[in-house]
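need coordinates for the following:
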Amino acid sequence: MIDAEEIKKTVNLALGEGSAFLVDVVINAANDIVVTIDDDKSVDVEMCEKLHRDIEAAFDRDKEDYSLEVGSAGLTAPLTLPRQYRKNIGGMIEVLTCGGKKIQGELKSVGDEGFSIAITRKIKPEGAKRKIDITEEAQYLYTDVKYVKNLIIFK
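Numbers count the residues shown, from 1 in each chain. You can find the predicted model right below:
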């Protein structure tokens, strides 16, 4: 079985110091390898094809039979690395906490341990006829959330 760490080294070497980065490598018992990458700007098909060729050149199929899939972290895929969070600052996200609570808000800041979001709620002040929007900022540790996804809103 091919070692995931060897795949990671190969991918990181192939991507270099550019704007693209490795998100994850998954290898199952059947030697099916799935490499997920992301980029500070965007990932295109040519980038995935080149990386696919680089990995195939480094691992001999005659020694070890494997299947290989290289793709980008999709728009609806959970954010897993602080670098992915950073590139989405200012965007709307959905957070599922470990306690099972779903929260939606704007990603405001990102740190090494966690992130903050601005949550807008409607409240009706005492004596007012209409509800007004109030925005509060909430802090979350990465360890306190099950997932964070980009929120796609159609207007």
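
outside of the longest helix out of those in the chain, which residues touch it?
With secondary structure taken from DSSP state H, the chain has its longest helix at helix 45-58. With contact meaning CB atoms under 8 Å, 6 or more residues apart in numbering, helix 45-58 is reached by 7, 10-11, 14-15, 20, 33, 35, 37, 39, 68, 70-72. From N, CA and C alone the C-beta is placed, and that goes for glycine too.

so which residue of the protein lies furthest out from the middle?
Gly127 (44.2 Å; CA atoms, centre = their mean).

which stretches of this protein form helices?
Using DSSP H, helices in the chain cover 4-15, 45-58, 82-87.

what comes up buried for the longest one?
Just to be clear, that refers to helix 45-58. By neighbour count on 16 or more other CB atoms under 10 Å, the buried set for helix 45-58 is Met47, Cys48, Leu51, His52, Ile55.

next: the first one.
Of all the residues in helix 4-15, those buried under the rule 16+ other CB under 10 Å are Ile7, Thr10, Val11, Ala14, Leu15.

what's the angle between it and helix 45-58?
Relative orientation of helix 4-15 and helix 45-58, computed by axes from the mean of the first three to the mean of the last three CA atoms, to 10 degrees: 130 degrees.

name the residues that touch helix 4-15?
21-22, 25-27, 33, 35, 37, 50-51, 54-55, 58-59.
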